[in-house]
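> Quick one, structure for this:
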Amino acid sequence: MNSVTLQGCAQEAPCGILRHYENCSSRVPVGLLLFALAQDAVRFLLLGTRSGAALKTENIFLRKQLALYLEREVKPRRTTDSTRLSLVLLSRLFVWQTALVIVKPEAFLGWHRLGFRLLRRWKSRPRGRPRLPEELQKLIVRMAHENPLWGEERIAAELLLKLHVRVSPRTVRRYMPIESGPAKRVPSQRWMTFVRNQAPAILACDFFIVVTASFRVLYVFVLLEVGTRRIAHFNVTAHPTAAWTLQQFRGVITGDQSQRFLIHDRDSIFSSELDAALKAMNLKILKTPFQAPQANAFCERMIGTMRRECLDFLIPLNERHLRSLLKQWVSHYNRGRPHSSLGPGIPDPEPSFECVTQLGHRIPVDHQVVVKAILGGLHHEYRLERRAA
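Presented below is the predicted three-dimensional model:
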């Protein structure tokens with residue numbers, strides 16, 4: 001290849017540099033590279049103290065020795081990254097095309113591209129907020145693995161309310177395993193303006209069915225306090241009637257409660273006699289329109305949560321078994337599960353529960369995380385406990 005062709009390659013190189021750097025995959029140890037460059041810089045400065053005649057004579061002397069290797073076609077040792085970068089820097093001081101003999105010009109231009117890629121990688125190194133402590137990262141991964149139904153918002157609420165560590169849901173999502181978290185669903189229910197404004201004074205109730213291991217159909221009755229999201233009462237029966245339903249209300253409603261409205265659908269179980277008895281308990285009945293479950297959206301959402309977090313993963317054997325399972329889950333729902341609609345908050349927290357606004361990203365040194373398994377490990381509750389002295 002003659003000098004004209006070499007000069008052409010040198011002129012075309014800058015145009016393709018940005019296109020080819022992304023394809024380079026070499027990784028260079030930065031410490032060793034800088035050390036080798038420093039050695040070359042010292043040698044260059046020492047050469048500056050010598051006379052021009054001595055340098056020219058040494059140059060011819062080295063070229064004669066190099067010609068012997070070229071005549072025998074002996075392959076040189078593979079160049080290191082520091083050698084490549086040194087040659088690229090030195091090439092800026094003289095016409096390098098006629099002096100390059102160990103590699104082809106294309107390879108030399110590739111070294112130049114690699115040097116630019118390393119420079120751009122160094123300038124583009126990540127900056128921003130510091131990463132979470134390793135202990136907190138491991139805790140987020142653990143919570144995601146132990147609770148596959150939880151998403152980033154639930155874990156962030158659990159950290160804030162139970163462990164007093166404030167982390168945004170987006171940050172939690174960054175440290176969660178990719179395959180964890182529930183599927184994202186687009187909300188389809190509408191909120192009634194009246195229900196939103198009067199939530200503290202409203203009760204909502206409904207029935208839903210559960211199939212046992214022997215394919216027996218059981219009916220579950222739930223009564224929800226809309227303002228606090230607390231499940232006020234639940235029970236299970238195989239034969240729901242208006243009389244049985246009225247008995248459930250009498251066990252909860254005393255007449256001096258703060259709620260003044262009750263939402264239910266138009267099922268035949270809610271008879272006119274049942275409504276009259278409820279009115280005698282100082283409750284005003286709000287019946288939902290036909291085929292409009294979104295009008296009772298709070299209760300429907302709570303039933304959906306009960307299925308997704310409990311019943312979809314368990315097969316009750318009989319009525320007694322189902323009642324035992326729901327008793328554990330309802331206690332967790334009321335006293336241990338954070339609710340996003342409450343701020344997040346807990347409907348009926350334990351008396352010893354303390355709500356601390358923020359303690360940073362670190363767990364207090366004199367405390368430890370205590371875990372309580374719910375429903376055999378389907379869910380877990382986390383809280384801080386002072387370490388023993």
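
> which SSE is the residue nearest the centre of the chain in?
The geometric centre of the chain, computed from its C-alpha atoms, lies nearest to Arg173 (C-alpha atoms, centre = their mean), at 1.3 Å. Using DSSP states H and E, Arg173 sits within helix 169-175.

> And for Leu161?
Using DSSP H and E, Leu161 falls in helix 152-162.

> Give me the contacts around that helix.
139-140, 143-144, 147, 150, 165-173, 176, 181, 338-340, 344-346, 355, 381-384 (C-beta atoms under 8 Å, 6 or more residues apart in numbering). Where you see a C-beta, it was placed from the backbone N, CA and C, and this is true even at glycine.

> The nearest residue to Thr228 once chain neighbours are set aside: neighbour count?
In this structure, Thr228 finds its nearest non-sequential neighbour in Pro347, 4.8 Å apart by C-beta to C-beta, 6 or more residues apart in numbering. Counted with other C-beta atoms under 10 Å, the neighbours of Pro347 add up to 20.

> Next up, the contacts around Pro347.
Glu225, Thr228, Arg229, Arg230, Ile231, Tyr333, Asn334, Arg335, His339.

> Closest to Ala107 out of those?
Nearest to Ala107 among the contacts of Pro347 is His339, at 63.8 Å by C-beta to C-beta.

> So for the host helix or strand of Ala373, what gets flagged as buried?
In this assignment (DSSP H and E), Ala373 forms part of strand 367-374. Going by neighbour count (16 or more other C-beta atoms under 10 Å), the buried part of strand 367-374 is Val369, Ile374.

> Now do the strands in the stretch 201-350 of the chain.
202-211, 217-225, 230-237, 261-264, 284-287 (DSSP state E, counting those that start in this stretch).

> quick one: contacts for the residue lying closest to Ala277 once chain neighbours are set aside?
Ranked by C-beta to C-beta, 6+ apart and with sequence neighbours excluded, the top spatial neighbour of Ala277 is Leu246, at 5.5 Å. Contacts for Leu246 (C-beta under 8 Å, 6+ apart) come out as Leu274, Ala277, Leu278.

> Type out the ChimeraX command that picks the buried ones from the contacts of Pro347.
Filtering the contacts of Pro347 down to the buried ones (16+ other C-beta under 10 Å) takes a single ChimeraX command:
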select :225,228,229,230,231,333,334,339
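
> Redo the contacts of Pro347 as a markdown table? Include pLDDT and distance to Ile209.
Formatted as a markdown table, the contacts of Pro347 follow (pLDDT from 0 to 100; distance: C-beta to C-beta, whole Å):
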| residue | pLDDT | distance to Ile209 |
| --- | --- | --- |
| Glu225 | 92 | 23 |
| Thr228 | 88 | 26 |
| Arg229 | 91 | 23 |
| Arg230 | 92 | 23 |
| Ile231 | 95 | 18 |
| Tyr333 | 93 | 19 |
| Asn334 | 92 | 23 |
| Arg335 | 90 | 26 |
| His339 | 86 | 25 |
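
> Kindly indicate which of the contacts of Pro347 lies nearest Arg121.
Closest to Arg121, out of all of these and judged by C-beta to C-beta, is His339, at 45.3 Å.

> Pretty sure the closest one sits against Pro349.
No: between His339 and Pro349 there is no contact under C-beta atoms under 8 Å: 11.0 Å.

> Give the burial count for Leu132, as a bare number.
Neighbour number of Leu132 under other C-beta under 10 Å is 19.

> For the residue nearest to it when sequence neighbours are not counted, name its beta-bridge partners.
In this structure, Leu132 finds its nearest non-sequential neighbour in His361, 5.6 Å apart by C-beta to C-beta, 6+ apart. Judged by DSSP bridges, the bridge partners of His361 are Leu359.

> For Val371, see how far away His361 is.
20 Å (C-beta to C-beta, to the nearest Å).

> List the buried residues in the helix holding Arg173.
Pro169, Thr171, Val172, Arg173, Tyr175.

> TSV for the residues you listed, including distance to Ala53?
Shown next, in TSV, are these (distance: C-beta to C-beta, whole Å):
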residue	distance to Ala53
Pro169	73
Thr171	66
Val172	71
Arg173	69
Tyr175	66
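
> So which of these is the closest to Leu286?
The closest of these, once distances to Leu286 are taken by C-beta to C-beta, is Pro169, at 34.2 Å.

> Give the full set of residues in contact with that closest one.
Gly151, Glu152, Glu153, Ile155, Ala156.

> And Asn334, by the same measure?
Counted by C-beta under 8 Å, 6+ apart, Asn334 has contacts Arg230, Ile231, Ile346, Pro347, Asp348.

> Kind regards, and thank you for your time.
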